[in-house]
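Student: Predicted model and sequence follow; I will ask about them next.
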Amino acid sequence: MWVDTHCHIHTEDDPLELARQAFSAGVESLICIGTDVITSQKALGVASSIESSIRSGAPDLPRAYSTIGLHPHDAANVAMSGVEGIAHLAGLNAPGRSANLVGIGECGLDYYYENSSKQDQQRAFIGQIELAKRYDLTLVVHTRDAWEDTFSILRENGPPNRVVFHCFTGEKATASRALDLGAYLSYSGIVTFKNAEDIREAARFTPLDRLLIETDSPYLAPVPHRGKPNAPAFVGLVGEFVASLKNLPVSEFSRATVSAAKECFSMK
């Protein structure tokens, strides 16, 4: 069995069907990731709907969880459409009020596109770090071309109890720095790409108890589906590939990543 720790099925036309396909492919749980106030509300709603169906007796769905967050691309959003809106959702759905909310993010820094200014990105990132600490939720970090500032902000503000670098694309040395912070590293379909040897080296280096897998669907489909829409049903392809990198039986690797995901996100 597998856990897809990062997907966006709540933005798709038929998220329940995608969840059913994932379950048929051996996915026991998935996490819907918010990227702004609207998608965060959708993520909460889809996870709640799937869980309600399971409670009503549906036998063909994975467990579903959600996060709420403001992506660095949208960090310039203000007031209730920005970090204030995420804070409001966190207050309404904090642990004890919603069993489905497990994280804050994805949030972080993206200097590759810089759709929001670096200052706005840093301000939004710091605000969401504080939210994760306030509600003891896992911080889901997106970072691209911004490793130094990402590490600096986490050190200076103090990381939450649980941090995951989603869609990890750093090399071994960067992985070591992230692990030294106590973070988990989540690998996506990119690890299967031909030109991703540095990421494969990092995956070999990452200890099993800190290693997660994800799809980031509908993006970044793994080989042999590269270039096509991704789906949580493909997360096992990522898992099988990384298991081979680490010379482990798929069954052993699967158990380890499921255990790490449950620990990272306090999934019940």
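Tutor: Structure's in. What do you need?
Student: from here on, contacts and neighbour counts on C-alpha atoms
Tutor: Noted.
Student: how about E106, what does it touch?
Tutor: I33, G34, T35, T67, I68, G69, L70, H71, L139, V140, V141, H142 (CA atoms under 8 Å, 6 or more residues apart in numbering).
Student: Buried among those? Make that a ChimeraX selection.
Tutor: Here the buried members of the contacts of E106 are turned into a ChimeraX selection, burial being counted by 16 or more other CA atoms under 10 Å:
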select :33,34,35,67,68,69,70,71,139,140,141,142
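Student: In a markdown table: the contacts of E106, plus secondary structure.
Tutor: A markdown table is the format used below for the contacts of E106 (DSSP: H, G, I helix; E, B strand; the rest coil):
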| residue | secondary structure |
| --- | --- |
| I33 | coil |
| G34 | coil |
| T35 | coil |
| T67 | strand |
| I68 | strand |
| G69 | coil |
| L70 | coil |
| H71 | coil |
| L139 | strand |
| V140 | strand |
| V141 | strand |
| H142 | strand |
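Student: and S186, backbone torsions?
Tutor: Dihedral pair for S186: phi -110, psi 130, per degrees, to the nearest 10.
Student: do the same with T5
Tutor: Here is the backbone geometry of T5 (degrees, to the nearest 10): phi -80, psi 0.
Student: for the contacts of E106, which one is nearest R255?
Tutor: For the contacts of E106, the residue nearest R255 by CA to CA is V140; the value is 21.9 Å.
Student: so the closest one touches N161, yeah?
Tutor: No. Contact criterion CA atoms under 8 Å: V140 and N161 do not qualify, at 11.8 Å.
Student: element containing A243?
Tutor: For A243, the element it lies in under DSSP states H and E is helix 235-245.
Student: If you could redo that for S116, that was the one I meant.
Tutor: Using DSSP H and E, S116 sits in no helix or strand.
Student: Pretty sure it sits against H71.
Tutor: No. Look at S116 against H71 with CA under 8 Å: they stay out of range, at 9.8 Å.
Student: can you give me the helices for the stretch 101-250 of the chain?
Tutor: For the stretch 101-250 of the chain, applying DSSP state H, counting those that start in this stretch gives helices covering 118-135, 147-157, 172-180, 197-205, 235-245, 250-265.
Student: Okay, buried residues for the fifth one please.
Tutor: Pointing back at helix 235-245 there. Neighbour-count burial for helix 235-245 flags V235, G236, L237, V238, G239, E240, F241, V242, A243 (criterion: 16+ other CA under 10 Å).
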